[in-house]
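Enquirer: Quick one: sequence plus predicted model below, questions after.
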Amino acid sequence: MSDSTARRAELRRRTKETDIECALTLDGSGAADVRTGIGFLDHMLTALARHGGLDLKLHCTGDLEVDDHHTAEDCALTLGMALDAALGDRAGLRRFGDAHVPLDEALARAVWDLSGRPYAVIDLGLRREALGGLACENVGHFFRSLAVASRSCLHVDVLRGENDHHRAEAAFKATAVALRAAIAHVGGGVPSTKGVL
Ligand SMILES: [Mn+2]
């Protein structure tokens with residue numbers, strides 16, 4: 001379902017908890033069509049698409065009558081699977097990307113290695129219970145699930161900031177800008193001394 005020329009992937013992931021449709025274009029215009037049922041998550045994923053230069057469609061119908069956990073986690077897993085598929089054999093990628101992004105008083109740093117090995121270190125320091133309909137614990141969980149499903153190593157740290165909305169939004173924007181750098185097509189085969197990612 002992925003097209004390595006267009007660097008695009010489309011998939012549907014259905015469980016008893018969520019039903020998600022996702023279309024992702026890596027070399028996009030930042031156009032987002034995101035409807036997860038969680039307003040704050042829509043806001044964050046719209047920012048991720050915009051600042052990552054991605055075209056992203058993500059529609060989720062989830063069991064929000066339970067809580068926001070399954071929806072947040074499964075949206076991240078589906079997006080990660082789409083990213084993995086769109087990257088194909090990962091040949092010609094820059095592979096590494098990092099960014100610092102401020103939002104007023106908040107400052108976030110994100111570092112990607114599209115290594116093929118899933119690993120995440122996430123330190124957001126959020127203090128509120130929730131942001132809109134998204135539990136703060138699920139913000140970190142989102143990044144970890146995204147890293148695992150996309151077979152990437154991702155470090156996200158919010159270095160400072162008083163306002164948790166700012167801290168979370170800066171984290172998503174930094175993740176987006178760093179991802180845009182990492183997915184850049186620079187040519188030269190698979191960027192690994194092992195020859196495979
Ligand atoms: Mn905002």
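Expert: Received, thanks. Since the model is a prediction, treat every value here as computed from it, not as a measurement.
Enquirer: List the contacts of Asp67.
Expert: By C-beta atoms under 8 Å, 6 or more residues apart in numbering, the residues touching Asp67 are Ala135. (Each C-beta comes from the backbone N, C-alpha and C, glycine too.)
Enquirer: I'd like to know how far it sits from Ala135.
Expert: Applying C-beta to C-beta, to the nearest Å, the value for Asp67 to Ala135 is 7 Å.
Enquirer: go on, Ala120?
Expert: For Ala120, the distance to Ala135 (C-beta to C-beta) stands at 18 Å.
Enquirer: next one: Asp113
Expert: Relative to Ala135, Asp113 is positioned 28 Å away (C-beta to C-beta).
Enquirer: Quick one: residues contacting the residue sitting nearest the centre point of the chain.
Expert: The structure's the chain has its C-alpha centroid closest to Leu146; by C-alpha atoms, centre = their mean the separation is 5.4 Å. Going by C-beta under 8 Å, 6+ apart, Leu146 touches 76-77, 79-80, 83, 120, 152, 154.
Enquirer: Which parts of the protein are helices?
Expert: Secondary structure of the chain (DSSP state H): helices at 39-52, 69-87, 136-149, 164-182.
Enquirer: Can you name every helix or strand that the second one contacts?
Expert: Packing partners of helix 69-87 (3 or more C-beta pairs under 8 Å, 6 or more residues apart in numbering; DSSP states H and E): strand 8-14, strand 18-25, helix 39-52, strand 55-62, strand 134-135, helix 136-149.
Enquirer: now the first one: mean pLDDT?
Expert: Looking back up the chat, that one is strand 8-14. Regarding strand 8-14, the rounded mean pLDDT is 98.
Enquirer: Many thanks, have a good one.
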